[in-house]
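S.K.: I'll drop the sequence and a predicted model, then ask my questions.
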Amino acid sequence: MPKRTKIARLTKELCDHKICVKGWVRTKRDSKKFAFINLNDGSNQTGIQIIADAELDNYEEIGHLNTGAAIEVIGQLVVSPGKGQDYEIQAQQIKIHGNASGDSYPLQKKGHTLEFLREIAHLRPRTNTLGCVFRIRNSLAYAVHRFFQERDFVYVQTPIITSSDAEGVGEMFRVTSMDINHLPKTDRGIIDFSQDFFGQPVYLTVSGQLEAEIFATAFSDIYTFGPTFRAENSNTSRHLAEFWMIEPEMAFCDLQGNAELAEAFLKYLIRYCLDHHHEDLTFLQKFYNKELLATLEGIVNSSFKTITYTESIDILQNSGCSFEFPVHWGDDLQSEHERFLTEQHCKCPVVVTDYPKEIKAFYMRQNDDGKTVAAMDILFPKLGEVVGGSQREERYDELKKRLNELGLQEKDYWWYLDLRRFGSVPHAGFGLGFERLVQFVTGMGNIRDVIPLPRVPNNAAF
C-alpha cells in the first residue's frame with residue numbers, strides 16, 4: 001500500500017503511479033458509470049478530483065457519501081482532460097472513515113457569511129476562505145522564526161503568568177487559585193493574596209518585553225513569540241482579548257537600528273507569503289480585497305518614510321482635512337490620522353518617531369528635549385499601526401525618576417532596575433501583533449477571522 005501523499009505535493013513526476021490521498025469530501029456528483037468527488041485535505045485551495053468507477057466493490061456506499069465525509073483513496077494519478085485542474089485520480093479503492101450527516105452538515109455548497117462561520121468555529125477551517133487564511137498564518141509563523149534564526153537571534157519563551165504590568169495600563173486578567181466565593185480577607189478587609197498560590201497578585205501577561213530585556217542583556221539579540229492577553233472591553237473588528245505577540249529585543253541597539261530591523265522583518269514576512277501563497281492570495285483578493293496583491297507588493301517594494309511625531313502633527317494640522325478626532329500635539333494619533341499619513345501624504349509605509357512621553361510607557365528612553373521619548377510606530381496603508389517599539393531607558397537614575405513620576409512602585413520593578421545597575425547597555429525592541437499582520441496579509445476585514453478560536457468580550461466558546 002502506498003504511503004499517503006498530501007494533495008499539494010502531487011506533481012507531474014507522480015503521474016501514472018499508484019498513490020494514496022486522504023481528506024474530506026467537498027462535493028460529489030454522480031453519473032451512471034462514475035462518481036466525481038472533489039477531495040480536500042487542507043494542504044491547498046483546490047483539492048483534487050477523484051474518479052470513482054461504478055465497478056468499485058463499495059460503489060453503492062460511495063454513492064451515499066455526503067459533503068464533509070472523510071475518505072481514503074488509493075488510485076492512479078493521471079493528467080486531467082478537464083479544465084481548471086492539472087491532475088485527477090482514478091480510484092482503485094475508496095475507504096470511508098466517517099460519513100457526514102447529510103443536510104445537517106452546516107457547510108453545504110453555498111455561500112456562508114463570516115459571522116455565521118464564527119458560530120461554528122470548530123468547522124470553519126474546512127471552508128475555502130478560512131483554509132486560505134490559516135495556511136497563510138502558518139507560513140507567517142514559520143517565516144517569523146526563520147527571519148530571526150537566520151540572524152542568530154535566540155528564541156525565548158517568556159512567562160504567561162506575571163506579576164508585572166509591562167504597559168502600565170492595568171487592563172490585565174487576574175489569575176488565582178482561591179475560591180472566589182470565599183476569598184480570604186486581611187484585617188483591613190481587602191483580599192489577602194498571601195494565601196493565593198503565588199502569594200501575591202498575578203495576571204496573564206500583556207507583553208513579554210520586560211522579561212525579554214533580561215535575556216537581551218545576556219544573549220544580545222533575542223525574540224519572543226507567544227500569547228498575550230488584554231482585558232480591554234473593546235468589541236471591535238481590531239481587538240482580541242487573547243492574541244499573539246512577536247517581540248524582539250536587541251542589546252547595543254538604538255532607535256534607528258530598531259526601525260531598520262522592523263522594516264526588514266515586515267518585508268521578509270510579506271515577501272515569503274507572496275512567494276509561497278499565490279493561489280490563496282488570489283482567492284482572497286477575488287472575494288475580499290481587490291487590491292490585496294498590489295498592496296502587498298507595494299509594501300515589499302517601497303522604502304519606509306520616517307517622520308517625527310511633531311512633523312506628523314504639523315502635516316495633519318495643515319492638511320485641510322476635517323478629521324473626526326481633532327489633531328493636537330500631545331494626543332495619540334488615531335486610525336484616521338495614520339491612514340492619511342500613509343495613504344494620502346506619504347503614499348507609503350511611515351515610521352513615526354519621538355512621541356510625547358506622557359502618552360508612552362515608562363520604559364522608553366527620554367530624549368534630551370525633556371518632552372519626548374525615543375519611540376516609534378510603523379504605520380501601514382489601509383491598516384494603521386502595525387509595529388510599536390522604542391529604545392529602552394538604560395539609565396538607572398532616569399528610569400527610577402520616571403517610575404516615580406508615574407506613581408509606579410520601585411519594589412515592583414526592582415529586578416528591572418537591577419538590569420541598569422549591572423552592565424547596562426543601550427538597547428531597543430518592538431512589538432508586532434501577529435493577528436494584525438495576518439489580517440493585513442490576508443485582506444480580511446475582521447481580526448476574529450484570522451485566529452483559530454477568537455477570545456472577545458462575552459465569548460470564550462470552543
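M.R.: Everything's here; your move.

S.K.: and the strands in the stretch 351-462 of the chain?
M.R.: 372-380, 384-391, 427-433 (DSSP state E, counting those that start in this stretch).

S.K.: can you name every helix or strand that the longest one contacts?
M.R.: On a contact count with 3 or more CB pairs under 8 Å, 6 or more residues apart in numbering; DSSP states H and E, strand 372-380 meets helix 255-276, strand 350-356, strand 384-391. Bear in mind the C-beta positions are built from the backbone N, C-alpha and C, glycine included.

S.K.: direction-wise, compare that strand with strand 350-356 and give the angle.
M.R.: Orientation note: strand 372-380 sits at an angle of 150 degrees relative to strand 350-356 (axes from the mean of the first three to the mean of the last three CA atoms, to 10 degrees).

S.K.: now strand 372-380: mean pLDDT?
M.R.: The average pLDDT within strand 372-380 is 98.

S.K.: and that strand, which residues are buried?
M.R.: Residues of strand 372-380 classed as buried: Thr372, Val373, Ala374, Ala375, Met376, Asp377, Ile378, Leu379, Phe380 (neighbour count, 16 or more other CB atoms under 10 Å).

S.K.: same question, the shortest one
M.R.: Across strand 427-433, burial judged by 16+ other CB under 10 Å covers His427, Ala428, Gly429, Phe430, Gly431, Leu432, Gly433.

S.K.: now for it, which elements pack on it?
M.R.: Looks like strand 427-433 contacts helix 209-219, strand 242-251, helix 255-276, strand 384-391 (3+ CB pairs under 8 Å, 6+ apart).

S.K.: need these in JSON lines (columns: distance to Ser312 and mean neighbour count).
M.R.: Shown next, in JSON lines, are the helices and strands packed on strand 427-433 (distance: least, CB to CB, whole Å; neighbours: other CB atoms under 10 Å):
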{"stretch": "helix 209-219", "distance to Ser312": "24", "mean neighbour count": "20"}
{"stretch": "strand 242-251", "distance to Ser312": "24", "mean neighbour count": "23"}
{"stretch": "helix 255-276", "distance to Ser312": "15", "mean neighbour count": "19"}
{"stretch": "strand 384-391", "distance to Ser312": "12", "mean neighbour count": "22"}
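
S.K.: could you export the ones you listed as a markdown table, including distance to His17 and mean pLDDT?
M.R.: What follows is the helices and strands packed on strand 427-433, written out as a markdown table (distance: least, CB to CB, whole Å; pLDDT from 0 to 100):
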| stretch | distance to His17 | mean pLDDT |
| --- | --- | --- |
| helix 209-219 | 48 | 97 |
| strand 242-251 | 40 | 98 |
| helix 255-276 | 26 | 98 |
| strand 384-391 | 46 | 96 |
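
S.K.: separation between the closest residue to Gln200 other than its chain neighbours and Asp179?
M.R.: Closest residue to Gln200 apart from its sequence neighbours, by CB to CB, 6 or more residues apart in numbering: Phe193 at 5.4 Å. Between Phe193 and Asp179 the computed distance is 14 Å (CB to CB, to the nearest Å).

S.K.: between these two, which one's more packed in?
M.R.: Phe193 (18 against 8; other CB atoms under 10 Å).

S.K.: ok, that one touching Gly199?
M.R.: Yes - with contact defined as CB atoms under 8 Å, Phe193 reaches Gly199; the gap is 7.0 Å.

S.K.: out of the helices and strands packed on strand 372-380, nearest to Arg174?
M.R.: strand 384-391 (24.8 Å; CB to CB).

S.K.: and the closest one with strand 427-433, angle?
M.R.: 160 degrees.
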